[in-house]
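Engineer: Got a sequence here, can you model it:
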Amino acid sequence: MNEDLQEQACWLLLVFESGLSTRIVNDILVTWCKQLGRSLRDFFAASVEEWNATCHLKPEIVQKLEQAKEKSAAQAFLVERLQDEHIRVVTVLDPAYPLLLKSALSRTHIPPILFCMGDLEILKRQTIAIIGARNANEQSLAFTRAAASYFAAHGANVISGNARGVDRSAYEGATSTDGCTTVVLPHGIHRLSKVQLRDLQPRIEHGTVLLVSQFHPDAPWVVSRAMERNNVVTGLAQVVIVAEADSKGGTWEGANGALKQGRRLYVRQPDSTTLPGNNLLLEKGGRALSWPSEDLAAVLLPVLQEGDMEREKQQALSVPPDQLSLLIRTD
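Structural biologist: Predicted coordinates for the structure are as follows:
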């Protein structure tokens, strides 16, 4: 196994096999990789005494790390399998890791690893996330399909979270054009069904679909992972659109998370009080999108223009990060 794959196997050990929280993992990365400039291969080859002297780890953390080392052979096999499947392991040290995501999330929430299938250049486009309920009504789904199709046809990367309802409609709308879309999975990338892969594979190969997962490739869907996934969906976007939300649940939390991330939030304005979550988000500062509308461009073009301005501002202000420089934040 070459050194790159050995290093990737060590990343999998630290992130997924140690049982440590994202915050503790990122603390180790800041100290060992950022401040000392050393690899994770060196980290797992080091003694407990060196761990303690450099990273000041508690005994229970050391115990978990030692237990993780016992699974190194399995992780080595996994990274070779991922390579054969053309699944890229993008670490937070990798220059390809999305800068927008780093700047949106604190050290407690930044995923140390992203598993990706497809062209990562898609993430350099203007990015617009469309989020909403799994059981959204037909008007919300029609809005989602129309908006996703419009944005993708006009060069934006439409981001969604791979659930039924609004997520699925966003994917369908974006792929109805020759535009681009990013699908952020709420589970491991190996958990895609054969039917899903048959649909996705040609689009991935064509360069119009990018799959992203922050979870171990074999991790199943659970509610907590779906909630974590929402932070990545909104963190990857300059603009977030809410098609339909209740006053609680995943879409509600995702929309409020987007506001905390400083994202521009647009909300489909309901024609009645039937969508309480949408109305509450408008009261919290979301910008209204009228729907239905006879003039789609009049409703959506300002969103596209604002997203493009946000992208230009971010590019003008952004300096390529010095490895984990953005993780030095302590918020």
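
Engineer: okay, stretch 64-80 in PDB with CA atoms only?
Structural biologist: Extracted in PDB, the C-alpha atoms of stretch 64-80 (Å, rounded to 0.1, in the frame of the first residue of the first chain):
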ATOM      1  CA  LYS A  64      -9.800   4.700  22.700                       C
ATOM      2  CA  LEU A  65      -7.000   5.500  20.400                       C
ATOM      3  CA  GLU A  66      -5.100   2.400  21.300                       C
ATOM      4  CA  GLN A  67      -8.200   0.300  20.600                       C
ATOM      5  CA  ALA A  68      -8.600   2.000  17.300                       C
ATOM      6  CA  LYS A  69      -5.100   1.000  16.200                       C
ATOM      7  CA  GLU A  70      -6.200  -2.600  16.400                       C
ATOM      8  CA  LYS A  71      -8.500  -2.000  13.400                       C
ATOM      9  CA  SER A  72      -5.800  -0.700  11.100                       C
ATOM     10  CA  ALA A  73      -5.900  -3.700   8.800                       C
ATOM     11  CA  ALA A  74      -9.600  -3.300   8.100                       C
ATOM     12  CA  GLN A  75      -9.200   0.400   7.400                       C
ATOM     13  CA  ALA A  76      -6.400  -0.300   5.000                       C
ATOM     14  CA  PHE A  77      -8.700  -2.700   3.100                       C
ATOM     15  CA  LEU A  78     -11.500  -0.100   3.100                       C
ATOM     16  CA  VAL A  79      -9.300   2.700   1.600                       C
ATOM     17  CA  GLU A  80      -8.200   0.300  -1.200                       C
END
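
Engineer: Next up, the contacts around residue 84.
Structural biologist: If a contact means Cβ atoms under 8 Å, 6 or more residues apart in numbering, then residue 84 has no contacts. In this view, the C-beta of every residue, glycine as well, is placed from N, C-alpha and C.

Engineer: and it, how far is that from residue 77?
Structural biologist: Residue 84 sits at a distance of 11 Å from residue 77 (criterion: Cβ to Cβ, to the nearest Å).

Engineer: Over to residue 98?
Structural biologist: With Cβ to Cβ as the criterion, residue 98 and residue 77 are 28 Å apart.

Engineer: contacting residues around the helix or strand residue 50 falls within?
Structural biologist: In the assignment (DSSP states H and E), residue 50 maps to helix 48-55. Helix 48-55 is contacted by residues 27-28, 31-32, 36, 43, 57, 62, 65-66 when judged by Cβ under 8 Å, 6+ apart.

Engineer: In the protein, spot the helix with the most residues.
Structural biologist: Criterion DSSP state H: the longest helix present in the chain is helix 296-317.

Engineer: from the chain's centre, how far out does that one sit?
Structural biologist: In this view, helix 296-317 has its centroid 20 Å away from the chain centroid, taken as Cα atoms, centre = their mean, to the nearest Å.

Engineer: next one: stretch 13-28
Structural biologist: On Cα atoms, centre = their mean, the centre of stretch 13-28 falls 18 Å from that of its chain.

Engineer: And the next helix or strand past the strand or helix carrying residue 198?
Structural biologist: For residue 198, the host element (DSSP H and E) is helix 194-206. Following helix 194-206 in sequence order, the next helix or strand is strand 209-213 (DSSP H and E).

Engineer: For that following strand, name the packing helices and strands.
Structural biologist: Packed against strand 209-213 by the contact rule (3 or more Cβ pairs under 8 Å, 6 or more residues apart in numbering; DSSP states H and E) you find strand 113-117, strand 180-184, helix 194-206.

Engineer: Please tabulate the ones you listed in CSV, including the columns distance to residue 229 and mean pLDDT.
Structural biologist: Shown next, in CSV, are those (distance: least, Cβ to Cβ, whole Å; pLDDT from 0 to 100):
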stretch, distance to residue 229, mean pLDDT
strand 113-117, 11, 98
strand 180-184, 6, 98
helix 194-206, 16, 93
